[in-house]
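> 3D model of this:
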Amino acid sequence: VGSGGKRGEIHNYLSFPPFQSRYQLLSIGLTALITAAIIFYPALVDDFPLTKYKEGHFPTLYHFFQSQPKDSLIASLAAEANNLPTFAQRSILVGREYAIPYHLGYSRQFRQRIIELIQAQYTPDMTEVKDFIQKFGIDFWLLEDNSFTPEYLAQNEWLQPYQPAILEAEKNIAQGIIPALSKVVNDCSVFESEGFIVLKATCILGKR
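You can find the predicted model right below:
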């Protein structure tokens, strides 16, 4: 019986590794599985890696602003203004991609800037336009060729929350009230291409 017991103990020892050994084998297996997944995952997924890099589609516009003084400040409601800091290395007053509520102070100031920009772009009073330019130190005003149409405001959904400025602008356009800024486009334009118009602020300040 004694000798059979020893053979049984030896058999059990050889056939069933202790817990620590089994845990090590499991760890090695999981590590191999994870490594294989990492190595072969790119081959199983389309468009890898997905970087979501933005591409600039208006090089002539970027080149124009790059040729301007580095401390230039651009006012615009156009969506393309979001790309100017990256592709033209010039500052903008506001932009849709920067409307992130980091904290209440930032959000309040950002909202106020957009409201004042909307009001200045669509007001029939040139004095208000000039006051806006001087208040923020604007150097250029970027417009789109349909900026003064009802469709432009309606299609820019991101502007709709900025009330009552948008509602007032839409009302003025619907009533045929001509924005003062639109009257100086021909005289103050320093760049026109691909649907964009850039006005020089110093020219606007010299208008009545």
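> count of neighbours near Pro124?
14 (other C-beta atoms under 10 Å). (Glycine included, C-beta is placed from N, CA and C.)
> Just confirm it contacts Leu181, I think it does.
No: using C-beta atoms under 8 Å, Pro124 is not in contact with Leu181; the gap is 9.5 Å.
> May I have stretch 86-95 exported as PDB, CA atoms only?
The C-alpha trace of stretch 86-95 is given here as PDB (Å, rounded to 0.1, in the frame of the first residue of the first chain):
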ATOM      1  CA  THR A  86      -3.200  75.700 -38.700                       C
ATOM      2  CA  PHE A  87      -2.700  76.300 -42.500                       C
ATOM      3  CA  ALA A  88      -2.100  80.000 -42.500                       C
ATOM      4  CA  GLN A  89      -0.600  80.400 -39.000                       C
ATOM      5  CA  ARG A  90      -2.700  83.500 -38.400                       C
ATOM      6  CA  SER A  91      -5.100  84.200 -35.500                       C
ATOM      7  CA  ILE A  92      -8.900  84.300 -35.700                       C
ATOM      8  CA  LEU A  93     -11.300  86.100 -33.400                       C
ATOM      9  CA  VAL A  94     -13.700  83.100 -33.100                       C
ATOM     10  CA  GLY A  95     -14.300  79.800 -34.900                       C
END
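> Distance of the residue lying closest to Ala79 once chain neighbours are set aside relative to Phe87?
Of all residues not flanking Ala79 in the chain, Arg96 sits nearest, at 6.1 Å (C-beta to C-beta, 6 or more residues apart in numbering). Applying C-beta to C-beta, to the nearest Å, the value for Arg96 to Phe87 is 16 Å.
> more neighbours, these two?
Neighbour totals were compared for Arg96 and Phe87, and Phe87 leads with 20 against 15 (other C-beta under 10 Å).
> Any stretches of this protein with poor pLDDT?
Along the chain, the model assigns pLDDT under 70 to residues 1-20, 22, 40-56.
> ranges for the strands of it?
Using DSSP state E, the strands found in the chain span residues 73-76, 91-92, 140-144, 189-193, 196-200.
> Switch those strands over to CSV; also include distance to Gln66.
Compiled in CSV, the strands of the chain are given as follows (distance: least, C-beta to C-beta, whole Å):
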stretch, distance to Gln66
strand 73-76, 12
strand 91-92, 13
strand 140-144, 12
strand 189-193, 12
strand 196-200, 13
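> Among those, which comes closest to Leu153?
Among those, strand 140-144 comes nearest to Leu153, with 11.5 Å by C-beta to C-beta.
> Taking strand 189-193 as reference, get the angle to the closest one.
40 degrees (axes from the mean of the first three to the mean of the last three C-alpha atoms, to 10 degrees).
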